[in-house]
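Undergrad: Attaching a predicted model along with its sequence, questions to come.
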Amino acid sequence: MSKRKGTGKWFKRRLTILLIPHDRSRPLRTSTSMGLIFSVLTLWMFSIAWSVVIVSREIDYRETARANRELREKAEYFAKSLAKERDLICELREMDTQLRGLLSMKNPNDIIELGGIGGPSIEDERSLALVLQSGNGLSKELFQMNLNELERESWERKQSFQEIGEFLAFKRTLSLATPSIWPSFGRVTSRYGWRYHPLTNRREFHFAVDIANLKGSPVRATADGRVVLAGWQGTYGRSVMIDHGHGFSTRYAHNSTILVKPGDKVKRGQLIALSGDTGIVTAPHLHYEVWYKGKPVDPLVYVISKPISASH
């Protein structure tokens, strides 16, 4: 009780405030209680504290608004970037289809495991449109969904173009391995098929094309490959055999001179021998055979140009 009485007396104590001007005017004198002064000071300090709180909140609000505005601008930028990337994916898909059409390739539906090749669904398009049109509340899920869709599309395009690249590489090596030029200049005296042998006059199947020419005429490889035989081969005389890969091989027989050796790699059009009349022959000529997967085939099926002269 004594403490409360002492505090009450302290608040009731009065102070005299004297204001003395610089001139000779009468001083101003006023009197107030300690309680009033304490109340004014308390109110003043509370006002300052509340002002600080209000200013802080205003600063936080403006900072948050600025951050939200920047975030929204970034989100809209990313959304537009997503749309551009999707347009690019669509162009690549059209290019993919055109390339496969030109190359007569099958559609990659059978090799793609992650969904179809038809691109984004209608629901995906609506979701992206919502992202682009919304000014507030941009959804992280919408972005993630469209990013996932783009990743899937990019993966599919990568797989498809990789397949096209492998297909083109295969076609290139197949083209280089296909015997597609004439091995020598001259006149075709005997074609692939049934004939009467010029020495025995017996009817037999001729597994080659005979090209009559002068002795020493150039003999060239008809495709890229590796020499597997270069030397004397019984009735064929001096012969060269080349393995071209992809199941193709060729034989060049009755040569007078051989210019390559086993193991040599040769290119299409490369000089490998000189024509002659070695082995069992009636006159100088080149005996040319084409084999595919272990079986003889008609060499004229693969020749892309005709010799200067050919007889039936």
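TA: Noted; the coordinates are in hand. Computed from a prediction, not measured in an experiment: that's the story for all the values here.
Undergrad: Tell me where this protein has helices.
TA: Taking DSSP state H as the test, the helices found in the chain are 2-12, 34-102, 122-133, 140-177.
Undergrad: Could you list every helix and strand in contact with the longest one?
TA: Just to be clear, that refers to helix 34-102. In terms of contacts (3 or more CB pairs under 8 Å, 6 or more residues apart in numbering; DSSP states H and E), helix 34-102 is packed against helix 2-12, strand 14-19, helix 122-133, helix 140-177. The C-beta positions use only the backbone N, C-alpha and C, and glycine is treated the same way.
Undergrad: tell me the average confidence for the third one?
TA: Across helix 122-133, the average pLDDT comes to 53.
Undergrad: now do stretch 14-27
TA: 73.
Undergrad: C-alpha coordinates for it, CSV please?
TA: In CSV, the C-alpha atoms belonging to stretch 14-27 read as follows (Å, rounded to 0.1, in the frame of the first residue of the first chain):
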residue,chain,number,x,y,z
ARG,A,14,3.5,19.6,-9.8
LEU,A,15,6.2,21.2,-11.8
THR,A,16,6.5,24.8,-12.7
ILE,A,17,7.8,25.6,-16.2
LEU,A,18,9.3,29.1,-16.7
LEU,A,19,9.8,30.4,-20.2
ILE,A,20,12.0,33.5,-20.3
PRO,A,21,12.1,35.5,-23.6
HIS,A,22,15.3,37.2,-24.8
ASP,A,23,13.7,40.6,-24.7
ARG,A,24,12.4,42.3,-21.7
SER,A,25,8.9,40.8,-21.9
ARG,A,26,7.5,39.2,-18.9
PRO,A,27,8.4,35.6,-18.4
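Undergrad: roughly how far is it from the heart of the chain?
TA: Using CA atoms, centre = their mean, to the nearest Å, the mean C-alpha position of stretch 14-27 is found 92 Å from that of the whole chain.
Undergrad: can you check stretch 52-67 too?
TA: Distance, centroid of stretch 52-67 to centroid of chain: 49 Å (CA atoms, centre = their mean).
Undergrad: any idea which of the helices of the chain scores lowest on pLDDT?
TA: For the helices of the chain, where the average pLDDT is lowest is helix 122-133, sitting at a mean of 53.
Undergrad: distance of residue 266 from residue 170?
TA: Residue 266 sits 21 Å away from residue 170 when distances are taken as CB to CB, to the nearest Å.
Undergrad: do the same with residue 43
TA: Taking CB to CB, one finds residue 43 at 91 Å from residue 170.
Undergrad: swap in residue 295?
TA: Residue 295 is 22 Å from residue 170, by CB to CB.
Undergrad: can you check residue 246 too?
TA: Between residue 246 and residue 170 the computed distance is 9 Å (CB to CB).
Undergrad: who has more neighbours, these two?
TA: residue 246 (16 against 11; other CB atoms under 10 Å).
Undergrad: What's the local residue count around the closest residue to the more buried one other than its chain neighbours?
TA: Spatial nearest neighbour of residue 246, chain neighbours left out: residue 177 (4.3 Å); criterion: CB to CB, 6 or more residues apart in numbering. Residue 177 has 19 neighbours, counted by other CB under 10 Å.
Undergrad: these two touch, right, residue 177 and residue 249?
TA: No: between residue 177 and residue 249 there is no contact under CB atoms under 8 Å: 9.7 Å.
Undergrad: Could you tell me which residues touch both of those two?
TA: Contact criterion CB atoms under 8 Å, 6 or more residues apart in numbering; residues bridging residue 177 and residue 249 by contacting each: residue 225.
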